[in-house]
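Colleague: what's the 3D shape of this:
(chains A and B)
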Amino acid sequence: MKKSIMIIALVALSAFAFQMSLAQAANQLVTLEVKVVNKINISGPVSLMIDDAIPGGAGLQPVSDNSTSYNITHNGSAIGKITAAVNSPLPAGIKLELTLASTLGTSTGIQDISNATTAIDVVGGINQGKDATQMITYDFSATPEAGVFASTVKTVTLTVTD
Amino acid sequence: MKKLTMVLAIGAMSVLLLSFASAQTAQQTFSLAVSSIYKISVSGDPADMTITDAVPGSDPTPVADNSTTYGITHNDADGAKITAGLLPVLAAGYTLTIDLGDGPVDISTSTEDAVGNVAAGASSGNTIAYEFSATAAAGPLTSVSETVTLTVVGL
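Modeller: Numbering: from 1, shown residues only, chains lettered A, B, ... in the order given. Okay, the predicted model is just below:
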């Protein structure tokens, strides 16, 4: 009886040793991290020129442009936003309005950025994600009283933040 | 006569001794065996993989590391495979792939076969290529240490 128990134990031990020898492992420690990433770019420049008037003495004919777009990647908070600012204010009677479309957040609609040297919100509630080829619309208008406005280069800065 | 008898006796004994010394054998039985051997090791840990950038409108730019290698020895005539697994598993939106030579496999949430059939033999300096990616929707990930386990298994 004692002998048979020993034989069984040896067989079991051999089977275990055999199993152990069929696989062997090595470990590697991998450290992963994702930083907050807020990125935005614009497809290109825009040129706006008023060169006509509304018939019937209703003032100058405004012009619009929606030929450009922006792309955004945002993985920060779920309440990100895009702000817009101009590098210097426009003269009285000259008006530039900006509208940004958004599927990731909520557009604040048409925003007057003529004097927005301090950034104003143009898109709010941006969720974490990416948004490509979202339309940028500019509306440019002027009163006749403002007179001729020589071609001027202005810089609009769009900023995405948490 | 007595002296002669002694000389003859000594002579006979010498011949007998000489005969013994000229042929002698010994035999020994022994057993030989080579067990099934499966061994795998890695050169070290890869550098931290940190995603920091994106092309606007796209998910954050993935990062890669191929700074480490593995060595493998096995003697299974039927071949062996290498599996790779990750613990703890990654949350949705984060992906870690590993390429041990058969192409990248996603080990973010499960152990996968990384090399399908390794012939018996020994090789070292085999590149371990990692790629870590994340969707923008997944958000940031605080630095986390993960253990990747490579296992060589007989087929």
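Colleague: just for chain A, where's the confidence low?
Modeller: Scanning chain A with the threshold set as pLDDT under 70 gives A:1-21.
Colleague: now the helix or strand where B:Ser145 lies: buried residues?
Modeller: In the assignment (DSSP states H and E), B:Ser145 maps to strand B:141-154. Within strand B:141-154, the residues that count as buried by 16 or more other Cβ atoms under 10 Å in any protein chain shown are B:141, B:146, B:148-154. To be clear about C-beta, it is placed using only N, CA and C from the backbone, and glycine gets the same treatment.
Colleague: middle-most residue in the chain, spatially?
Modeller: All of this refers to chain A. Nearest to the mean C-alpha position of chain A, counting by Cα atoms, centre = their mean, stands A:Ile72 at 2.2 Å.
Colleague: to clarify, I was referring to chain B.
Modeller: Mean-position check on chain B, Cα atoms, centre = their mean. Result B:Ile40 at 2.1 Å.
Colleague: follow-up on the earlier one: counting by contacts, list what the strand holding B:Ser145 packs against.
Modeller: Counting contacts by 3 or more Cβ pairs under 8 Å, 6 or more residues apart in numbering or on different chains; DSSP states H and E, strand B:141-154 packs against strand A:23-34, strand B:38-42, strand B:63-74, strand B:80-87, strand B:94-99.
Colleague: for those, give me CSV that also has distance to A:Gln111.
Modeller: Below are the helices and strands packed on strand B:141-154 laid out as CSV (distance: least, Cβ to Cβ, whole Å):
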stretch, distance to A:Gln111
strand A:23-34, 32
strand B:38-42, 56
strand B:63-74, 37
strand B:80-87, 47
strand B:94-99, 36
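Colleague: out of the ones you listed, which is closest to A:Thr68?
Modeller: Nearest of these to A:Thr68, taken as Cβ to Cβ: strand A:23-34 at 29.8 Å.
Colleague: quick check, the residue in chain B closest to chain A?
Modeller: B:Gly57 (2.8 Å; Cβ to the nearest Cβ).
Colleague: okay, now that residue: neighbour count?
Modeller: 19 (other Cβ atoms under 10 Å in any protein chain shown).
Colleague: and for A:Pro144?
Modeller: 10.
Colleague: ok, A:Val37 - contacts?
Modeller: Residues in contact with A:Val37 (Cβ atoms under 8 Å, 6 or more residues apart in numbering or on different chains) are A:73-76, B:51-54, B:60, B:136, B:140.
Colleague: from these, pick the one nearest B:Tyr70.
Modeller: Scanning the contacts of A:Val37 for proximity to B:Tyr70, where the rule is Cβ to Cβ, the winner is B:Ile51, at 24.6 Å.
Colleague: tell me the pLDDT of that closest one.
Modeller: At B:Ile51, the model reports a pLDDT of 98.
Colleague: likewise the one 3 residues further on?
Modeller: Model confidence at B:Ala54, expressed as pLDDT, equals 97.
Colleague: what are the bridge partners for it, then?
Modeller: Beta-bridge pairing for B:Ala54 (DSSP bridges): B:Pro60.
Colleague: so who does it touch?
Modeller: Contacts of B:Ala54 by Cβ under 8 Å, 6+ apart are A:37, A:39, A:73, A:75, A:130, B:60-61, B:136.
Colleague: what would the residues you listed look like in CSV with secondary structure and distance to B:Val118?
Modeller: As requested, these are exported to CSV (DSSP: H, G, I helix; E, B strand; the rest coil; distance: Cβ to Cβ, whole Å):
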residue, secondary structure, distance to B:Val118
A:Val37, coil, 39
A:Lys39, strand, 42
A:Thr73, strand, 40
A:Asn75, coil, 39
A:Lys130, strand, 40
B:Pro60, strand, 34
B:Thr61, coil, 33
B:Ala136, helix, 38
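Colleague: buried subset of those residues?
Modeller: By 16+ other Cβ under 10 Å, the contacts of B:Ala54 give A:37, A:39, A:73, A:75, A:130, B:60, B:136 as buried.
Colleague: which of those residues sits closest to B:Gly44?
Modeller: Among the buried ones among the contacts of B:Ala54, B:Pro60 lies closest to B:Gly44 (Cβ to Cβ), at 26.4 Å.
Colleague: chain neighbours aside, what residue packs nearest to B:Asp102?
Modeller: Spatial nearest neighbour of B:Asp102, excluding adjacent residues (Cβ to Cβ, 6 or more residues apart in numbering or on different chains): B:Val115 at 5.0 Å.
Colleague: surely that neighbour is in a helix?
Modeller: No: B:Val115 is assigned strand when assessed by DSSP: H, G, I helix; E, B strand; the rest coil, not a helix.
Colleague: surely it and B:Gly103 touch.
Modeller: No: counting by Cβ atoms under 8 Å, B:Val115 does not reach B:Gly103; the two are 9.7 Å apart.
Colleague: tell me which of these two has more neighbours.
Modeller: B:Val115 (21 against 10).
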